[in-house]
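Colleague: have a look; sequence and predicted model below, questions after that.
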Amino acid sequence: LAALGLDWRSDTVRLAADFYVNKDNVKGVTRGITVGRGLDTPDVPKPGQALAPDWTYSRAEDTAFVLRGEADLSKDVTVYGNYGQGSTDYDGLLGVVFAVTDPQGRYRNNFGQQRQVLDRKAGDVGIMARLSTGSVRHELALSASYYEQEVRSKTVVGLLPTDWYTNIYAPTWGPAPATV
């Protein structure tokens, strides 16, 4: 994670800019196990036992920036604007079936891959005013907002031609399937 925040202010103007980049990389991803119908919950495997092969992964990179500004036009009127953009790039090769099939801990698995890119833009502008009518004080606001998101996604499940069977207490794995 890397982040940078910059702020500047005067008596009537306030500006800010924030930037960040975040990268996640996880290997040996387990997303939960289901237990077959009619089976009791099996004993928990020993601590540290990986329930997914080390060639499974989840990788994500997020980047974004936000710009903000506001200015006092008078002691009772303020205008403001914000704009930001962000992007997420995700790639995951994960188990899509983790199902215990018998009391001895045998379970079946298959794998899928998800590729996803998300691009986001958002902004808003507005004006805030304070005024009095007699002894009653009012606060008024008028604003407009914008949001746009584009998602490009591809998911493929069943990367192995047949489900892989192993055991939660001593899993064994074959080679990684081809990815897209």
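Modeller: Received the coordinates, thanks. What you see is a predicted model, and the numbers here were worked out from it, not measured in a lab.

Colleague: next one: stretch 18-33 to chain centre, how far?
Modeller: Remark: stretch 18-33 is offset 9 Å from the chain centroid, using C-alpha atoms, centre = their mean, to the nearest Å.

Colleague: buried residues, it. List them.
Modeller: Applying a neighbour-count criterion of 16 or more other C-beta atoms under 10 Å, the buried positions in stretch 18-33 are 29, 33. C-beta here means a position set from N, CA and C on the backbone, and glycine is covered the same way.

Colleague: and the host helix or strand of residue 25, which strands flank it?
Modeller: Assessed by DSSP states H and E, residue 25 sits inside strand 13-27. Strand 13-27 sits in its sheet next to strand 2-9 (antiparallel), strand 57-72 (antiparallel), going by DSSP bridges.

Colleague: among those strands, show me which one is buried the most.
Modeller: Compared across the strands paired with strand 13-27, strand 57-72 shows the largest average neighbour count, a mean of 16 (mean count of other C-beta atoms under 10 Å).

Colleague: can I get it as PDB, trimmed to CA atoms?
Modeller: Taking Å, rounded to 0.1, in the frame of the first residue of the first chain, the C-alpha atoms of strand 57-72 are listed here in PDB:
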ATOM      1  CA  TYR A  57      -3.900 -17.300  -6.300                       C
ATOM      2  CA  SER A  58      -5.800 -14.000  -5.900                       C
ATOM      3  CA  ARG A  59      -4.100 -10.900  -7.200                       C
ATOM      4  CA  ALA A  60      -5.600  -7.400  -7.100                       C
ATOM      5  CA  GLU A  61      -4.200  -3.900  -7.800                       C
ATOM      6  CA  ASP A  62      -6.200  -0.800  -6.900                       C
ATOM      7  CA  THR A  63      -5.200   2.700  -7.900                       C
ATOM      8  CA  ALA A  64      -7.200   5.900  -7.200                       C
ATOM      9  CA  PHE A  65      -7.100   9.600  -6.800                       C
ATOM     10  CA  VAL A  66      -9.500  12.100  -5.300                       C
ATOM     11  CA  LEU A  67      -9.300  15.900  -5.800                       C
ATOM     12  CA  ARG A  68     -11.400  18.200  -3.500                       C
ATOM     13  CA  GLY A  69     -11.800  21.900  -3.300                       C
ATOM     14  CA  GLU A  70     -14.100  24.400  -1.700                       C
ATOM     15  CA  ALA A  71     -14.100  28.200  -1.600                       C
ATOM     16  CA  ASP A  72     -16.000  30.700   0.600                       C
END
